[in-house]
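Visitor: quick one: sequence and predicted model below, then my questions.
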Amino acid sequence: MARNDILRFALLLTIPTLVVVGGLIVFPMVHLVYLSFHTPAPAGKGIVFAGLTNYVALLKAGSFWTSCWVTLQFTFLTTMIPFGIGLLVAVMLNSVERGVLAYRIIFILPMAVAPVVTGLTWRMMLNPMYGVINYLLGFVGIGPVEWLTNSRLVIFTVSVVHSWIWMPYVMILLYAGLQMLPSDVYEAAVIDGAGTWNKFWHVTLPLLQGPIVIAILIKLILGFRGFDIPYTVTGGGPGEATTNLVLYAYLQGFYFFKLEYAAAVGVVMLLIAIAFSRQILKVMPR
């Protein structure tokens, strides 16, 4: 078979995938951009071209900038919390010699539950009146804590719930990286008199740099587009304390029926994601 025939056959095999990708990704993205430049027609039938009207309204809306600040806080917390805990658990799990399989199963369990179910369960557990969290804190003289109604505390609470789901994912990445580290480097460090902390700081972390970068980048992406936990736990409240950009676009589009305005929010998020992806491509080779 000639080379050109092989290439044509390979292209033919990719057509179903291209059709699916075009229908599920490309077309909705193009329609999103198209919709963001339109507004409802005066007669209420159809839409008319409006230029940058939606984007101007977006930049003038205080609620949009509030959602940007919430997104920044939520993304930072949902990256740092699972990374710190995941790294600690991975290091501890890497030092365990017996019962490793049982520990792995236990730590992975949060990922086996649907995020919506997790969010609703935590919402009941954090209820200030009959939640089990405040009930247990009452035994040590703490509470009741307004986990979901305190505007200063709620973003941290929602971030912890989100981190509870995704910490195992970070832990698995880092644990796999620890398993691949060469043992002779640690043996040389012991011969040089390095203690536990020095081995971790000067040997483990530098050798684990690749998995660490991957884990942080993936968690940044997951935190940036996080929707299920803020929606199910607080619905964006109290006020706008947990309304991130994804939830803000959802509320504008499906609660207030400003689909064109919500599309403009989606385009802004798309531009932010593209800019962030470029930074990922710069970091990953190194």
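Guide: Done, it's in. Numbers count the residues shown, from 1 in each chain.

Visitor: could you use CA atoms for every contact and neighbour count after this?
Guide: OK.

Visitor: so Ala249 makes contact with Val267?
Guide: No. Ala249 sits out of contact with Val267 when judged by CA atoms under 8 Å, with a separation of 10.3 Å.

Visitor: more crowded one of these two?
Guide: When neighbours are counted by other CA atoms under 10 Å, Ala249 and Val267 differ, and Ala249 comes out ahead with 23 against 20.

Visitor: tell me who's in contact with that one.
Guide: Shown here is Ala249, whose contacts under the criterion CA atoms under 8 Å, 6 or more residues apart in numbering are 262-263, 265-266.

Visitor: quick one, what contacts Arg278?
Guide: With contact taken as CA under 8 Å, 6+ apart, Arg278 is in contact with no other residue.

Visitor: which stretch of helix or strand covers it?
Guide: When secondary structure is defined using DSSP states H and E, the element that contains Arg278 is helix 259-283.

Visitor: mind listing the helices for the stretch 151-286 of the chain?
Guide: Counting by DSSP state H, counting those that start in this stretch, residue ranges of the helices within the stretch 151-286 of the chain are 154-179, 183-191, 196-199, 205-207, 209-224, 228-233, 245-254, 259-283.

Visitor: among those helices, which comes closest to Leu32?
Guide: Each of those was checked against Leu32 via CA to CA, and the shortest separation belongs to helix 259-283, namely 5.5 Å.

Visitor: chain center to the closest one: distance?
Guide: Distance of helix 259-283 from its chain centroid, counting by CA atoms, centre = their mean, to the nearest Å, is 14 Å.

Visitor: cool, stretch 253-265 as well?
Guide: With CA atoms, centre = their mean as the basis, the distance from the averaged C-alpha position of stretch 253-265 to the chain average is 22 Å.

Visitor: buried ones in it, by neighbour count?
Guide: In terms of neighbour count (16 or more other CA atoms under 10 Å), stretch 253-265 has its buried residues at 253, 258-265.

Visitor: again, but for stretch 83-92
Guide: Residues of stretch 83-92 classed as buried by neighbour count (16+ other CA under 10 Å): 83, 85-87, 89-91.

Visitor: adding distance to Gly23 and pLDDT, write the residues you listed out as JSON lines.
Guide: Output for these, formatted as JSON lines (distance: CA to CA, whole Å; pLDDT from 0 to 100):
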{"residue": "Phe83", "distance to Gly23": "35", "pLDDT": "93"}
{"residue": "Ile85", "distance to Gly23": "39", "pLDDT": "93"}
{"residue": "Gly86", "distance to Gly23": "37", "pLDDT": "92"}
{"residue": "Leu87", "distance to Gly23": "39", "pLDDT": "92"}
{"residue": "Val89", "distance to Gly23": "41", "pLDDT": "90"}
{"residue": "Ala90", "distance to Gly23": "40", "pLDDT": "90"}
{"residue": "Val91", "distance to Gly23": "44", "pLDDT": "88"}
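
Visitor: identify, from those, the entry nearest to Ala273.
Guide: Of all the buried residues of stretch 83-92, Phe83 has the smallest distance to Ala273: 21.0 Å, by CA to CA.
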